[in-house]
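Chemist: Test case, fold it:
(chains A, B, C, D and E, ligands or ions: 4)
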Amino acid sequence: MIDRLHTVFQTTTDRLSAVLSGAVRRLSAQLWRRPGISAGLLLSPPLGWFVLIYLAALAALFVSAFWATDSFTGEIDRTWSLDNFRTILDSETYRLIAFRTIFMAAAVTITDVVLAFPFAYYMVRLATPGQRIALFTLVLVPLWSSYLARVYAWRLIFAHDGVLNWLLHGLGFERVEIGYTNWAMWIVFSYIWLPFMIMPIYAALERIPYSLFEASLDLGAKAWRTFFKVILPLALPGVVAGSIFTFSLTLGDYITPVLVGGPGSDFIGNVVYANVGIANNVPFAAAYATIPLIVMAIYLIAARRSGAFDVM
Amino acid sequence: MIDRLHTVFQTTTDRLSAVLSGAVRRLSAQLWRRPGISAGLLLSPPLGWFVLIYLAALAALFVSAFWATDSFTGEIDRTWSLDNFRTILDSETYRLIAFRTIFMAAAVTITDVVLAFPFAYYMVRLATPGQRIALFTLVLVPLWSSYLARVYAWRLIFAHDGVLNWLLHGLGFERVEIGYTNWAMWIVFSYIWLPFMIMPIYAALERIPYSLFEASLDLGAKAWRTFFKVILPLALPGVVAGSIFTFSLTLGDYITPVLVGGPGSDFIGNVVYANVGIANNVPFAAAYATIPLIVMAIYLIAARRSGAFDVM
Amino acid sequence: AAPAAPNYPQTIGKGEGALNIVAWEGYAEDAWIKPFEKDTGCIVNRKYAGSSDEMVTLMRQGGGGEYDLVSASGDASLRLIYGGTVQPIDVKLIPDFENFVPDLKAPPHNTIKGLHYGLSYEWGPNVLLYNTDKVTTAPTSWSAIYDDAYKGKVSVPDNPIQIADAALYLAAKDPSLGIKDPYELNEKQLDAVVSLLKKQRTLVKKYWALASDEIELFKNGDVVIGAAWPYQTITLKTAGAKVADTIPAEGATGWADSWMLSSKSKHVNCAYKFMAYVSTPAVQAQQALFFGETPANLKACEEMDKADKGSCARYHLNEATTYIKQIKFWKTPQKTCADGSKTCTDYSVWQTKWQEVKG
Amino acid sequence: MNEIARQDIENAKTGTAEEPVIVRLSAVRKNYKDVAAVEHVDLEVRRGEFYTLLGPSGSGKTTTLRLIAGFEKPDAGVIELSGADVTNLPPYDRDINTVFQDYALFPHMNVAENVAYGLQTKGVPKDETRDRVIEALRMVRLQNFGDRKPAQLSGGQRQRVGLARAIVNRPKVLLLDEPLGALDLKLRQEMQLELKQIQKEVKITFLYVTHDQEEALTMSDRIAIFNHGRIVQIGTPTDVYEQPADTFVAGFVGTSNIIRREGKRFVLRPEKIRMASLGDLFDETGLHVEEARVLEAVYVGMFTRYHLALGDGTEIVAVRQNFDRTTARFRDAAGTTVQVAWRPDCLFELR
Amino acid sequence: MNEIARQDIENAKTGTAEEPVIVRLSAVRKNYKDVAAVEHVDLEVRRGEFYTLLGPSGSGKTTTLRLIAGFEKPDAGVIELSGADVTNLPPYDRDINTVFQDYALFPHMNVAENVAYGLQTKGVPKDETRDRVIEALRMVRLQNFGDRKPAQLSGGQRQRVGLARAIVNRPKVLLLDEPLGALDLKLRQEMQLELKQIQKEVKITFLYVTHDQEEALTMSDRIAIFNHGRIVQIGTPTDVYEQPADTFVAGFVGTSNIIRREGKRFVLRPEKIRMASLGDLFDETGLHVEEARVLEAVYVGMFTRYHLALGDGTEIVAVRQNFDRTTARFRDAAGTTVQVAWRPDCLFELR
Ligand SMILES: Nc1ncnc2c1ncn2[C@@H]1O[C@H](COP(=O)(O)OP(=O)(O)OP(=O)(O)O)[C@@H](O)[C@H]1O
Ligand SMILES: Nc1ncnc2c1ncn2[C@@H]1O[C@H](COP(=O)(O)OP(=O)(O)OP(=O)(O)O)[C@@H](O)[C@H]1O
Ligand SMILES: [Mg+2]
Ligand SMILES: [Mg+2]
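Modeler: Residues are numbered from 1 along each chain as shown, chains lettered A, B, ... in the order given. Ligands and ions are numbered 1, 2, ... in the order given. Below is the predicted model of the structure:
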C-alpha cells in the first residue's frame, strides 16, 4: 500500500513537472512568434512565486499527513507512516463524519442548483431590466454582511420560539423542531452559498440563444422536455462552476455545524479543528482533510473513464 | 437622522414589494402568452418560500440592529434606537476593525485579480488542451480539502521555524517573521479565494474573440495598451463577478484572523462572534455586521451616479 | 518539550508599554482594564478565545511569544505546562497571593513540583441548570440529564472534559467501576462512561460550544435542562427566564482559571504588573460579579458585598475553604495516574472518544 | 416543359385554385408596445405552394412567420391551419416547422440527434426515427455527417441540417426565415437550387421569408410583398416584376428607372432598354427611340451596366448582355451620345 | 469617360507600371503543422491599386493577408512594404491596416472611440484626432453615429465603422478580408459602390479578399486567383473573365460551359450564346450556329436562364436578357428545339 502510494506520488510529481516545463517551452515559443504578448508576461513573476508557494502549501499539507504527533506535547514526529489514514479508515465515527460532510456538500449543491436555476432563468428571460437590478441586489446584498451574522439570523428563525414557529403557529400549523439539526444546517448552507450558484448559472443561461428554446417548442417539445434536453445541458458549464463553488465552500466549512448543527452534525472541518487545536495533531488533521480530496479524485477519474467529460 | 433612516427603510420596502408584485404580474402575463414555460414554473414555489425566508432572515437581522441589549442581563430591549451605530462610529477600535476588514477584503481582491488574470489568460490563450486540464486541476484540487487544513498548512509555512524560513535560510536570505501578522492574513486569504477569481475571469476571457486582440495590434497598440484598453475592459464582467466572490468571502471570514492573524488582526466577524458569543449582544453584532453593507451601498450608489455601470 | 525552567525577574521593572493577552470573553473588560492601562502605561491587546483548545493554539502559535498572558482553565493548563509554552511565576512578586484560598495557592492544575506555572484567578462549579416551568420538582441528581424524561430538551457543553462530568455521576451510581478521580480513568472505566454518554446523545438537543448558546437555548425554549455555568444562570435569571441551578448530590466538576505567563513573553514587566493588579480584591470582585464566579482572593468578599449585597455568600466566597472541596476542578487527563501507574487514558484519547460520542 | 415553368403558367391560369388553402391569416395585427410590427395582413397559402414573403428590413415578415409558428400571439385576427383555428395553440401543437435564420441547431447534440429531436418528442419508434433521419440527411446530402457536432460544420452544412431537422417531421407547412441570408453568394445560389429540389421531393408547402428579390423571383410560385406591416402586392414572380403595383414594389423588386412622360410616371426596367450607336438601326420595329449620353459603364462579366442621361436629364440605368469578348465598344463611347430604344409596352404606368 | 473605365483601360495598357510597387511577396510559404496554407506566392501590388485575391474557401487568401498584416510569420520568403523588408516586424510596426471579416469592433467603445483608437496609440494630438475621426465617419456616411455602441448598429453600419477605423490611419495599404461576406445581397451591392468610392477618395492601396467573383469583377483593378495555396492567374477583370488561364479559373470566375470540339476543350460563357427559333435568322453574320433542345428556363427578372442540350448531348447554360415584358416566348418552347449561335472568337481554348 505504501509502495503504491509512493509510486502514485512520484508519478504525479513527474507529470506536474512535465506539464510545467511544457508550459514554459510553449510560452517561449509563443514569445518568439508573437512578440506582442511578451509585455503581458511581466506579470508572471509574482504569479510564478505564488504558484510555487501554493504548491508548497499543498505539499506541506500532504506530506504532513504521513507524519505523526506526540499526543501530549504536540511535537511532530517526522517518520513516514500511514497510521493516520489507518485510524481514519478504522474508525466508524471518522468515516461517518467524512461521509456526512460530503453528503451534505452534495445535498446543498443539488438544492442550490434547484433553487438557483429558476431564479437565474427568471432573471435572464422574464425580468425587466429594472427587476433584474433588483434581483441582483437581492442576491448580492447578503454577501456584504458578515457570514456569522447571517448564520445567527437563521438561529433566530429556527429557534423553538423563533420566527419560523411563530409564523407557523400564526398560520395554524404545528411547530417544527428543525433548529440544531442537520436539516437546519442544510437550509443554512443552501442559503449562504446560493449566490455562488446563481451567478454562474445566470452567466451560462445568458449565453443560450433564445432561438434554441423556440426551436425546441417548434419541434414539438413542451417546457419540461425543452428544459431537460436543451436548456440544462447548455447551462451545464455554469452549473458545474456553481457546483464547484457551493460544494467546496460547504465541504470546507466548520462554523455552521457549530452554530446551527445539533448532536451528530460535526464536519471534517470540526475534526480538523479539534485535532489541531487540542492535540495539536496537525498530521492527523492533514490526513483527514485530504479524505474528500481523495474521494473527489477517485470520483473524477471514474467519471473521466466513463466518458462523462466528453460532452463538454 | 432616525427619521431619514426610517424613510429610507419605508421606501426600500415599498420598492421591493413593487418589484415583486411587478414580477408576479409579468410572470402571469408571460404564462398566458407562452404556455410552454408554465411547467418550468413548478419549480417556483420552493423558490418563493426560500426567497421569503431569505428576506425574513435579512430583515430580522437588520431590524435587530436598531434594538439594544442590556449589557448586564443580556435582555433585548426592543425600542428603536441608533445607539448601536453611534457606539460603532464613536469607538476608534470598532472603526479600525471595520476599516481593516474592508481594506483587507479590497487588498485580497486586488491581489487575486492581479494573480488570476495572467493565469486565466495563459489558460485561455496559450495552454494546450492537456495543459489546460492540468491547470484546472491545480486550481480546483485545493478546494476539495478542508478550508481549515489549508489555513493550517500556511501556518506550517509561515512559522518561525517553518518551510518559508527554512527555504530562505537555505538560499542564504534573512529569515522573515510574517507569521501571525496582517501580511500572513493577506497571503492566506489571497491563496484561499484565488480559485473564485480565476474561474470567472477564465470564463470572461474565453468569450473575447481573438480578432479583437489582433485588431488592436493592427491599429498600432502594443501588448500593454491592448491589455488595458481592450482585454481588461472586456473581461470586466468576469473580474467583477470574481471580485464579488473574493471580496465577500474575505469580508465575512473570521477564522483566518484567529488562526494566522496576530494581535490587532480582528475582523468584523470576530467582533460579531464576540458579541453574540459572550455578551449575547445580538443587536450590536447585527449593527456591526451591517457596516460593510452600508459602505458597499454608498460605494455602489456613488459608482452608479458617476456612470461606472454604463460600460457594462 | 519539557516544562520550562524558572526565569524569575528580580523586581518588577518599568512597563514595556504593551501587553498581549489571550482571555475568556468577559475576562478583560474595559471597566478594569482602562484604569490599569492608565496607571501602568501598558496597553492591553486582548484576544478572546472561545475554548480552551483555542487558547492552547493561540499560545503556541508563532513558536510562542505572540502573547504574554493567558487565562487558562484547568483542562488546558497542564498542556501548556508540559508543552513548555508557559514559564513559572514568582508569586513573591504578587502581593495578594497570600490572601488566596489555600487550595488555590498551589493546585495540581497549575503547580508542578512546587513551581507555580499559573496564578489562580477565578473559579466556579459546573451546575445543573433547569427551566423551573418545565422541570417542576428540583432535580437532586445528575441523573436528570441522562433521563429519557427530557429527551430532545437536554444540552451539555461540547467539550471532551465533559467526560469527567459523566464519570463523576457514574462514580456514585456504579461504585463497582472503582472511579476515584473523574480525571483519571482507565480504559474500562472510560468505556463505561462513553457508553453512558452515547446513550445521552439521543437526548441532547445541542452540545453547546459558546456560553451564549446555552443562554439562547434556554431562552428560546429549545432546551429545559442541562449542564451550565453559574454565569449563564445569572444571565438568564436577570433576563427574566424561569430557571434555577443546583449542585446535585454527586457533587460537581468545576473550573479554576489561572493566569499563565508565556515562556517567550516579551512584556514580562507588564505581565507581572497585570497579574498583581487583577489579584487585588477590587478587580477580583468586579470580575466575579461580571462573569458570575468566585474569586481566588478571600479579601474580595467585602468588595463584592459592597457592589452587590449578599453576593459574597451567593458565590460561597465566605465558605470558600470548605465549598471548594465539593468541586472536582478540571485538569488535563494524563496517561500517568496519580499513583504513578500508566494505565490512565490521556486527553487525546478523551478527545477521540468525545468525537465518537458526538458523532 | 420544365416543372417550374409549367407550374408557373398553371398558377397564372388557375392560381392553384384547385388546391385547398392550408394557411390563412385574416386581418392579423401585432403590436410590440407602440410599434405596429404587423398592421393588417390577409394571406392565403395553398397546399404545395412555394410562397415567399418579400420586403425590406422591418416590414413585418419575421413577425408574420412567428405568428404562424405560434411564437407570438396576434393582437387581432385569426390564423387558420387547414381550416382549423390555431390562433391560441402553442407552437408544439401546430403541425408546422421552422428553419431558423441563425439555424438554431442544438450545439450539444450531433447532427443526427438534432434531426431526430422532433421525432423523439413525438414518440416515433426508434427504428422509424433512425430510418427517417437517414432519409432526411440523404435529402440534404449530409449522409455522412450524422456524427458531427454543429460546430464542426460550415455555414451551408448547418443550414442544411436545420432544413433536415424541419422536414423530417413532415409538417404541413415549413416556415423558412431568410434561411440563406447568412451565406455567401456562391453557396446561396447552390442552396437555392437544392431547396427548390427538396420542395419538389417532399411536396411540403414552403412559406419563405427573404429580402433578396432575385431569390424571391427565381424560387417562388407566389410572392407577397410587404411594406410597413402590410401586404402591398401578391402575385407570381412575373406579376410583381413586370407589373409592380406601385413605386415601392417597382423599386424594391429589381432596379427600376422612373420616367416621366406627359405628366405620368412610368417604370422602365434596365434590361428593356436597347442601345445602338448614333445612325445605326434597331433590329426591331415599333420601338420608341431616344438619344442618351453615356455617363459610366461598369463591366460585370456577364453583362455591362450603363449609366445614361436622357435628353430631359433623367438618369437611367441600362444593362447589355456581353455578347462579344471585347467589351470596349460601348465603354469607349462613355461620354458620347448613343441611341436608346424600348418597346412602348415595356413602359408600365405607375398610379 | 468614367473614372473606373478610364483607369481600367490605362491599366490594361500600362499595367500601372509607372506606379511604384508597394507590397511585394517573394516565394512566401506558410504551413500550419502539416497543412500547407500558402505554398509559394509571388505578388506585387502597386500604389493606388484595388487588388483582389479571389479563390475558393481554404485556398490561402486569408493566410496571405495575415502574413502581410504581420499576424503570422512566413516559414519562407520575404515580405516587403515600400521596398523595406518587414518579414519580422510585428503588426504595430507595419504601416498597414486591416478591415476584419467579423468587423472586430471593440464592443465597449462607441463608434468614435473605435475610430480614434489607432490615432490615440500613435499619439496624434486630440484636436487632430477629433477632426480626422469626424472626417472618416463622414466618408463612410456615419457622421451622426459617433456615440453609438457597435451593438446598436446594423451589419452594414458596423462594416463601415471597421472601414473608417482603418482608413483614418491613412495606412499605405488597406487589407480587407471578405469585408462584405456577411452582408445580404442588397446591402452588399450598396457597400461595393461605397468602397470603390472611398478608395478613389482616399487613394489608398486596397488589398481585397473575396470569394465572390462578381464582386471581384466589378471592383478590382487587378485580380489574383488563388487555388490550393498558389496563385494560378493574375490579371484585369476582363483578362480573367474572358481569357481564363485554365479550367479552374474558367469555372470559378463565372458560370462557364465547356465544349469539346475536335478533341479540344473550349470555354463558352452563357451570355455569349444567342438564341433564335428554328428558321429565324440571326442579326449578325459570321456566327457559328447549332441546334439545341431547351431543357428548362428559369425567370430571373432581368434575364432568363436557359438550360440547353446540344446535339452531342453536352448540356450548356445560356442567358437571355428579357427585352420584352412577356417572357413566355422561349419558356413555352421548353422541351422543343431552338437555334443557338455564337461568334467563333468567343470560344476560348483551354490547355
Ligand atoms: N420583440 C420585439 N420587440 C419590439 N419590437 C419588435 C420586436 N420584434 C420586431 N419588432 C419590430 O417590429 C417591426 C417588424 O419587425 P420584423 O422582425 O417582423 O421585420 P422583418 O420584416 O422580419 O425585417 P428583417 O428583414 O430586418 O428581418 C420592426 O419595426 C421591429 O423593430
Ligand atoms: N490557424 C490555423 N491552423 C491550422 N490550419 C489553418 C489555420 N488557418 C488556416 N488554416 C488552413 O490553411 C488553409 C488556408 O486557409 P485560409 O484561411 O488562408 O483560406 P481562405 O482562402 O481564406 O479560405 P476562406 O475563403 O474559407 O476564408 C486551409 O486549409 C485552412 O484549413
Ligand atoms: Mg426578419
Ligand atoms: Mg478567409
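Chemist: need the contact list for residue 274.
Modeler: Picking chain A for this. Listed by CB atoms under 8 Å, 6 or more residues apart in numbering or on different chains, the contact set of A:A274 reads C:53, C:351, C:355. (Each C-beta comes from the backbone N, C-alpha and C, glycine too.)
Chemist: not what I meant, chain C
Modeler: Here C:F274 is in contact with C:19, C:21, C:36, C:40, C:42, C:44, C:69, C:259 (CB under 8 Å, 6+ apart).
Chemist: what about the first one, how many neighbours?
Modeler: Same thing as C:L19. 28 (other CB atoms under 10 Å in any protein chain shown).
Chemist: Am I right that it is in a strand?
Modeler: Yes: C:L19: assigned to a strand according to DSSP: H, G, I helix; E, B strand; the rest coil.
Chemist: Tell me which helix or strand the closest residue in space to it that isn't next to it in sequence sits in.
Modeler: Leaving out its chain neighbours, the residue that sits closest to C:L19 by CB to CB, 6 or more residues apart in numbering or on different chains is C:C270, at 4.1 Å. Element membership for C:C270 (DSSP states H and E) is helix C:268-278.
Chemist: Could you export that helix as PDB, CA atoms only?
Modeler: Extracted in PDB, the C-alpha atoms of helix C:268-278 (Å, rounded to 0.1, in the frame of the first residue of the first chain):
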ATOM      1  CA  VAL C 268       7.300  40.400  31.400                       C
ATOM      2  CA  ASN C 269       7.100  43.500  33.500                       C
ATOM      3  CA  CYS C 270       3.700  44.500  32.200                       C
ATOM      4  CA  ALA C 271       2.600  40.900  32.700                       C
ATOM      5  CA  TYR C 272       3.600  40.900  36.400                       C
ATOM      6  CA  LYS C 273       2.000  44.300  36.900                       C
ATOM      7  CA  PHE C 274      -1.100  42.900  35.300                       C
ATOM      8  CA  MET C 275      -1.100  39.800  37.500                       C
ATOM      9  CA  ALA C 276      -0.600  41.800  40.600                       C
ATOM     10  CA  TYR C 277      -3.400  44.200  39.500                       C
ATOM     11  CA  VAL C 278      -6.000  41.500  38.800                       C
END
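Chemist: Which SSE is immediately downstream of it?
Modeler: That would be, after helix C:268-278 and using DSSP H and E, helix C:281-291.
Chemist: which outside residues touch that next one?
Modeler: Outside helix C:281-291, the residues that touch it by CB under 8 Å, 6+ apart are C:24, C:26-27, C:29, C:31-32, C:96, C:99, C:121-122, C:231, C:277-278, C:293-297, C:299-300, C:302-304, C:306-308, C:311, C:315, C:317.
Chemist: and what of stretch C:46-56?
Modeler: Contacts to stretch C:46-56, defined as CB under 8 Å, 6+ apart, come from residues A:273-274, A:277-278, A:280, B:258, B:263, B:270, B:273-274, B:277-278, C:20-25, C:28, C:33, C:58, C:67, C:70-73, C:75-76, C:79-80, C:83, C:85, C:159, C:161, C:209-210.
Chemist: 6 Å - rerun?
Modeler: Outside stretch C:46-56, the residues that touch it by CB atoms under 6 Å, 6 or more residues apart in numbering or on different chains are A:277-278, B:274, C:21-22, C:25, C:28, C:58, C:70, C:72-73, C:75-76, C:79.
Chemist: need the strands for chain A, in chain order.
Modeler: A:68-69, A:76-77 (DSSP state E).
Chemist: Next one, pLDDT for residue 280 please.
Modeler: No chain was given, so I picked chain A. Per-residue confidence (pLDDT) for A:N280: 65.
Chemist: oops, I was thinking of chain D
Modeler: At D:D280, pLDDT is 81.
Chemist: which residue packs closest to it, ignoring adjacent ones?
Modeler: With CB to CB, 6+ apart as the criterion, D:D280 has its nearest non-adjacent residue at 6.9 Å, and that residue is D:Q339.
Chemist: And the strands of chain A, which one averages the lowest pLDDT?
Modeler: strand A:76-77 (a mean of 68).
Chemist: Run through the stretch 51-200 of chain A and note the low-pLDDT ranges.
Modeler: The stretch 51-200 of chain A contains residues with pLDDT under 70 at A:51, A:54, A:69-76.
Chemist: what does the stretch 101-250 of chain A put close to chain D?
Modeler: Residues of the stretch 101-250 of chain A lying close to chain D (CB under 6 Å from any CB of the partner chain) are A:211-212, A:214-215, A:217-222, A:230, A:233.
Chemist: Out of these, name the ones that lie in helices.
Modeler: Residues from those lying in helices, with DSSP state H as the criterion: A:211-212, A:214-215, A:217-218, A:233.
Chemist: Would you check which of those residues are in contact with chain C?
Modeler: Answer for those near chain C: none qualify (CB under 6 Å from any CB).
Chemist: In those, which residue is surrounded by the most others?
Modeler: A:A215 (29 neighbours).
Chemist: Can you report how many residues neighbour the nearest residue to that residue once chain neighbours are set aside?
Modeler: Leaving out its chain neighbours, the residue that sits closest to A:A215 by CB to CB, 6+ apart is D:A104, at 4.0 Å. Neighbour count for D:A104, taken as other CB under 10 Å: 24.
Chemist: before we move on, what about the one 3 residues further on?
Modeler: Using other CB under 10 Å, D:P107 has 15 other residues around it.
Chemist: Ok, D:D34 next?
Modeler: 5.
Chemist: Mind telling me what element the most centrally placed residue in chain C is part of?
Modeler: Nearest to the geometric centre of chain C sits C:W255, at 2.9 Å (CA atoms, centre = their mean). Element membership for C:W255, per DSSP H and E: strand C:252-262.
Chemist: Check which helices and strands that strand sits against.
Modeler: For strand C:252-262, the elements it packs on are strand C:69-72, helix C:74-82, strand C:86-87, strand C:118-125, strand C:327-329, judged by 3 or more CB pairs under 6 Å, 6 or more residues apart in numbering or on different chains; DSSP states H and E.
Chemist: Could you provide the ones you listed in CSV, with additional columns for distance to ligand 1 and mean pLDDT?
Modeler: Converted to CSV, these look like this (distance: least, CB to the nearest ligand atom, whole Å; pLDDT from 0 to 100):
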stretch, distance to ligand 1, mean pLDDT
strand C:69-72, 69, 94
helix C:74-82, 69, 87
strand C:86-87, 75, 94
strand C:118-125, 73, 92
strand C:327-329, 78, 89
